[in-house]
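1. model the following, please.
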Amino acid sequence: MKFIATKTETSMAELAHQAFDLKGSKSAIKLKQAEAALRQANPQLDDLAKLPAGTLVIVPDVPGVHTAPLPSLTGPSADVIAQLELVLAGAKNVLRQAASSQAQESDTSSSLAKNRALVKIVEKIPSLQSRLPEVADAAKAETKQMADDEAAHLKGLAQLKKDLSSLIS
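-> Prediction:
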């Protein structure tokens, strides 16, 4: 099955010409067949004015009408790969900084929950006595979750870097 993507301000005729080879004899008849097949396979084409550019369109088989050759695809250039690797390195730095900041906030919450002066104040207010251990437990759980999330994100970034490397190999 083949697909094409819509372009800005596309008409059915333009889509048909993009999807099918409509040259030669009986091209007007082939165009009508191609347009009808595209509409039938793609109900979203009923209102092309509301269709965003880049929408995927199914190119159905139409008896007697050949599909247009697909454009050749080349891999990204070495410059593009280098730029993407820089972006990944930046994302890794941002991730580590965010994790460090969250760890600091969590440590601060844990420290406050253990602060003797705060504990003495809380002992005098019965409604807060159960909240202090809850804050400490929440900070501990947040620290663990943060470490797990950071590890998962770093693993994902490493996989993206590996995938990028494989594009130029």
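2. so, low pLDDT: which residues of the chain?
-> For the chain, the stretches with pLDDT under 70 are 9, 70-75, 168-169.
3. helix, strand or coil for P69?
-> coil (DSSP: H, G, I helix; E, B strand; the rest coil).
4. and for the closest residue to it other than its chain neighbours, the neighbour number?
-> Nearest residue to P69, sequence neighbours excluded (Cβ to Cβ, 6 or more residues apart in numbering): D21, at 7.5 Å. No exception for glycine: its C-beta is placed from N, CA and C like everyone else's. For D21, the neighbour count with other Cβ atoms under 10 Å is 14.
5. what about H66, helix or strand, and which?
-> According to DSSP states H and E, H66 maps onto strand 66-67.
6. and the nearest residue to V62 once chain neighbours are set aside, helix, strand or coil?
-> Closest residue in space to V62, ignoring its immediate chain neighbours: A37 at 4.6 Å, by Cβ to Cβ, 6+ apart. Classification of A37 by three-state DSSP places it in helix.
7. touching, A37 and G64? I think so.
-> No. Between A37 and G64 there is no contact under Cβ atoms under 8 Å: 11.0 Å.
8. return every residue with contacts to both of the two.
-> Shared contacts of A37 and G64 (Cβ atoms under 8 Å, 6 or more residues apart in numbering): none.
9. still on that earlier bit, who does the strand holding H66 pair up with?
-> The strands beside strand 66-67 in its sheet (DSSP bridges) come out as strand 20-21 (antiparallel).
10. residue ranges for the helices of this structure, please.
-> Counting by DSSP state H, the segments of the chain that form helices are 12-19, 27-41, 78-114, 116-123, 126-129, 131-168.
11. can you list the domains in this structure?
-> Per automatic domain parsing, the structural domains of the chain span 2-67, 78-168.
12. most tightly surrounded among those?
-> The highest average neighbour count among those, using mean count of other Cβ atoms under 10 Å, belongs to domain 2-67 at a mean of 15.
13. over to that one now: how far is its first residue from its last?
-> End-to-end distance for domain 2-67, by Cα to Cα, to the nearest Å: 9 Å.
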